[in-house]
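Chemist: please find the sequence and the predicted model below.
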Amino acid sequence: MITKKNLVNHELIGLNVETGKMKGLIVDETKNTFIILKDDKEKIIPKQGSVFLFRIKDEKVLLKGDDVLQRPYERLKKSYKVKDKWQEMLE
């Protein structure tokens, strides 16, 4: 079950995300990018320097792209926590 505390430890493909003025569905992920589907077009968004907003169970979760600059399968093997300082920005 995905929660705001373990979001980074789960597969992000298939989740809705917002970044800047764009909202869409993550359809693929590489070491350095998310590929987001918006209006039937795929947009490649670099992780580095970006902040992503996920909504998990009616909660907003901010994820700093710099914190997930690795291949998805490498990230899933490790244990990470979403940093509380990003969560404070939402409150």
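Modeler: Nice, thanks for sending it over.
Chemist: could you list the low-pLDDT ranges of the protein?
Modeler: The chain contains residues with pLDDT under 70 at 76-91.
Chemist: for it, which segments count as helices?
Modeler: For the chain, applying DSSP state H gives helices covering 72-77, 84-90.
Chemist: look up how far Leu25 lies from the residue of the chain positioned farthest from its centre.
Modeler: Relative to the C-alpha centroid of the chain, counting by CA atoms, centre = their mean, Asp40 is the outermost residue, at 19.8 Å. As judged by CB to CB, to the nearest Å, Asp40 and Leu25 stand 11 Å apart. Where you see a C-beta, it was placed from the backbone N, CA and C, and this is true even at glycine.
Chemist: what lies in contact with stretch 31-48?
Modeler: Stretch 31-48 is contacted by residues 12, 17, 19, 22-29, 52, 65-66, 68-71 when judged by CB atoms under 8 Å, 6 or more residues apart in numbering.
Chemist: just checking, what's the longest strand in the chain?
Modeler: Longest strand of the chain, by residue count under DSSP state E: strand 22-29.
Chemist: report the buried residues of that strand.
Modeler: 24, 26, 29 (16 or more other CB atoms under 10 Å).
Chemist: give the buried residues for stretch 30-40.
Modeler: 33-36.
Chemist: CA atoms only: put that stretch into PDB for me.
Modeler: Output in PDB follows, covering the C-alpha atoms of stretch 30-40 (Å, rounded to 0.1, in the frame of the first residue of the first chain):
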ATOM      1  CA  THR A  30      14.500   6.400 -16.600                       C
ATOM      2  CA  LYS A  31      17.400   7.200 -14.300                       C
ATOM      3  CA  ASN A  32      17.100  10.900 -15.200                       C
ATOM      4  CA  THR A  33      13.500  11.500 -16.400                       C
ATOM      5  CA  PHE A  34       9.900  10.800 -16.000                       C
ATOM      6  CA  ILE A  35       7.800  10.300 -19.100                       C
ATOM      7  CA  ILE A  36       4.400  11.900 -18.500                       C
ATOM      8  CA  LEU A  37       1.300  11.400 -20.600                       C
ATOM      9  CA  LYS A  38      -0.700  14.500 -21.100                       C
ATOM     10  CA  ASP A  39      -3.500  15.000 -23.700                       C
ATOM     11  CA  ASP A  40      -2.400  11.800 -25.500                       C
END
